[in-house]
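# 3D model of this:
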Amino acid sequence: MTVALKTIFYLLTFSFANTLFAQGISWDDLTSAQKDLLKKHEQTWANIDIDRRDRIVKGTERWLSMNKDQKSFAQQRFNEWQELGLDEKNGIRDRYDFFLGLSPDRRDRIKGTYEEFKKLPPNAQDDLRRRFNNLRNNRNSRNNMGSSNRKGQGPAAGMGIRR
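All right, here's what the predicted structure looks like:
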């Protein structure tokens with residue numbers, strides 16, 4: 001083949017692959033187990049945003065890989081999330097976005113600290129939570145006293161995280 005024909009062939013192949021990828025995951029691409037979980041979305045699947053479909057599919061893959069206890073825990077956490085108000089959900093999303101904006105090293109240190117926290121006995125965890133909330137409440141009351149209020153702080157201000 002000449003160089004021109006090879007180039008055209010590669011461009012067409014690349015273009016076709018991009019078109020397939022841009023359409024996202026179709027209903028027919030799902031496994032039968034995924035279709036069973038998502039059956040209420042079958043008629044509207046093609047109308048769901050591509051990124052959202054990808055997240056849904058990843059979620060079904062995680063769900064299908066869980067054991068009974070993990071599924072029970074995930075369902076409990078989902079129910080708790082559903083009961084939160086919009087402001088609470090947005091606050092959690094803001095803190096998560098802030099966390100993702102941290103350097104990988106800082107995120108790893110935070111995760112490590114959290115893992116150490118989870119190893120503590122429940123009464124020690126409760127004590128630390130109380131102490132943290134007291135410090136946060138004291139800081140908030142000081143910050144709301146007028147001129148000492150620090151401006152321009154992101155969601156980290158209430159988390160004890162320094163930038």
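
# hey, where'd the helices end up in this protein?
For the chain, the helices defined by DSSP state H occupy 3-22, 32-37, 50-65, 68-83, 86-101, 104-119, 122-143.

# could you redo those as TSV and give each row distance to Q43?
Placement of C-beta: from N, CA and C, glycine included. TSV is the format used below for these (distance: least, Cβ to Cβ, whole Å):
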stretch	distance to Q43
helix 3-22	22
helix 32-37	12
helix 50-65	14
helix 68-83	23
helix 86-101	28
helix 104-119	40
helix 122-143	46
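
# okay, and for the protein, where does confidence drop off?
1-23, 144-163 (pLDDT under 70).

# turn the helices of the chain into CSV, including mean neighbour count.
Shown next, in CSV, are the helices of the chain (neighbours: other Cβ atoms under 10 Å):
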stretch, mean neighbour count
helix 3-22, 10
helix 32-37, 13
helix 50-65, 14
helix 68-83, 10
helix 86-101, 12
helix 104-119, 10
helix 122-143, 11
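
# return the distance of the spatially most central residue of the chain relative to I110.
Nearest residue to the geometric centre of the chain (Cα atoms, centre = their mean): Y96, 7.3 Å. Taking Cβ to Cβ, to the nearest Å as the measure, Y96 falls 12 Å from I110.

# returning to what we had before: separation between the residue nearest to the centre of the chain and K40?
With Cβ to Cβ as the criterion, Y96 and K40 are 27 Å apart.

# N67 now?
Distance from N67 to K40, by Cβ to Cβ: 24 Å.

# and R53, by the same measure?
Taking Cβ to Cβ, one finds R53 at 14 Å from K40.

# could you do I25 as well?
In terms of Cβ to Cβ, I25 sits 17 Å off from K40.

# higher neighbour count, those two?
Neighbour count, other Cβ atoms under 10 Å: between I25 and K40, I25 has more, with 17 against 7.

# OK, contacts around the more buried one?
53-54, 57 (Cβ atoms under 8 Å, 6 or more residues apart in numbering).

# hmm, 10 Å instead?
34, 45, 48, 50, 53-54, 56-58 (Cβ atoms under 10 Å, 6 or more residues apart in numbering).
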